[in-house]
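S.K.: Turn this into a model:
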Amino acid sequence: MNDLYIGMMSGTSLDGVDAVLARFDSAGRPTLLADHALPYPAAIKAEVLALQARGHDELHRAETLANRLAALYAQAALGLLEQSGHRPQDIRAIACHGQTIRHAPHDGYTIQLGNMARLAELAGIDVIADFRRRDVAAGGHGAPLVPAFQQGAFSSPDENRVILNIGGISNLARLHAGQDAIGFDCGPGNMLMDAWCLRHTGQAYDDDGRWAASGRIHAPLLAAMLAEPYLSQTPPKSTGRDLFDDAWLEARLSALPAPPAAADVQATLLAFSARCAADAIAQHCPGNEAVYVCGGGARNRALLAAIGSLLPGQRVAPIEELGMPAQLIEAVAFAWLGWRFNQRAPGNLPAVTGAQGPRILGALYPR
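M.R.: Down below sits the predicted model:
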């Protein structure tokens, strides 16, 4: 059988679909062959955001959006094949994360939207999806799942490392020699900064943190955000837009005696994201030597500098130094999870997710 897999990730940043083509050897080590990004149309992003909160006619809206996402995922897969010169029959499977619209493991469920049967039909390729719910069924959070891949791909006997993924939410994986890997969601990454930037500048994100750098950190607001109970919870833990949304920020802004300037809020949001990551590393990863950053936040030099200033003596660098593009780590990780499913091998780390034990993750939608 072919060992070529397409991995697809569309995360909480809602910027679009990242797709990769990867080959795996018998030990599960990936070789990245091609990648393709497909931005979300504004209408799909708006529909995803609208479904984050409970509302009218949810079932119809969700299923209609699932069909639109399937068409977008198929477009990304076929674009990747055209770019790489491969045919659908060359590919063992598409491993697709889907789009998270609700994450409520405390209620026993997590929902990643996408009509995967339709994706298999449109692409003519087997699809493996629904990776998170098996872990939740076993008592876990269903997240984060990427540390299981990162443990094999980026561990080193010579350096105690943390892999910090800064997407909409930030999560970390501790990879220290002689210790079991741990990982968890440590708080907001780009999510709050991106939303505030779009609201006040019309730009989807704060390029390199320049707007944040023009403002001043508002100490009372930062203190109010750092008081969020989630941050002091003991891992395993996971979070998302169900907690850190616009309403969460507005509640803290409205409690202030006077509203800060918009640029000052952006500066404070950047400081908050940096503190969430740095505090988690300092508390849960003693003896750490280097932090390698992936996800969209790896391109924000102001954010990386802020994290570095909070972790004296530790290197903070983009994960490209370890040989893989920062934006593609999660897509490669889900390709790996697809490979693990076909090997009938577990894809979770119970110490990370809190599941009762290792579980084979995913469900197959044949072409």
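
S.K.: Quick check: the nearest residue to residue 146 once chain neighbours are set aside vs residue 206, distance?
M.R.: Take residue 146 and drop its neighbours on the chain: the residue closest to it by CB to CB, 6 or more residues apart in numbering is residue 333, 4.4 Å away. Every residue, glycine included, has its C-beta placed from N, CA and C. The gap separating residue 333 from residue 206 is 26 Å, by CB to CB, to the nearest Å.

S.K.: cool, and residue 23?
M.R.: From residue 23 to residue 206 the distance is 36 Å (CB to CB).

S.K.: Neighbour count: these two, which is higher?
M.R.: residue 206 (26 against 16; other CB atoms under 10 Å).

S.K.: Can you name the residues that contact the more buried one?
M.R.: Applying CB atoms under 8 Å, 6 or more residues apart in numbering to residue 206 gives the contacts 193, 194, 197, 212, 266, 270, 300.

S.K.: Out of the residues you listed, which comes closest to residue 88?
M.R.: Within the set of the contacts of residue 206, residue 194 lies nearest residue 88; the separation is 34.5 Å, counting by CB to CB.

S.K.: and that closest one, how many neighbours does it have?
M.R.: 22.

S.K.: So it, which state does it fall into?
M.R.: Going by DSSP: H, G, I helix; E, B strand; the rest coil, the secondary structure assigned to residue 194 is helix.

S.K.: how close does the residue nearest to it when sequence neighbours are not counted sit to residue 13?
M.R.: Spatial nearest neighbour of residue 194, chain neighbours left out: residue 205 (4.9 Å); criterion: CB to CB, 6+ apart. Per CB to CB, residue 205 is found 8 Å from residue 13.

S.K.: Pull up the overlap in contacts between the two.
M.R.: 190, 194, 296.

S.K.: who are the neighbours in contact with the closest residue to residue 49 other than its chain neighbours?
M.R.: Spatial nearest neighbour of residue 49, chain neighbours left out: residue 14 (7.1 Å); criterion: CB to CB, 6+ apart. Residues counted as contacts of residue 14 (CB under 8 Å, 6+ apart) are 40, 45, 48, 49, 168.

S.K.: do residue 334 as well
M.R.: Taking CB under 8 Å, 6+ apart, one finds 7, 8, 9, 95, 96, 97, 131 in contact with residue 334.

S.K.: so what's residue 141 up against?
M.R.: 105, 135, 236, 237, 238, 353, 354.

S.K.: Which positions in the least confident helix or strand in the chain by mean pLDDT come out as buried?
M.R.: Counting by mean pLDDT, DSSP states H and E, the chain has its least confident helix or strand at helix 42-51, which shows a mean of 92. Neighbour-count burial for helix 42-51 flags 44, 45, 47, 48, 51 (criterion: 16 or more other CB atoms under 10 Å).

S.K.: Right, I'll leave it there.
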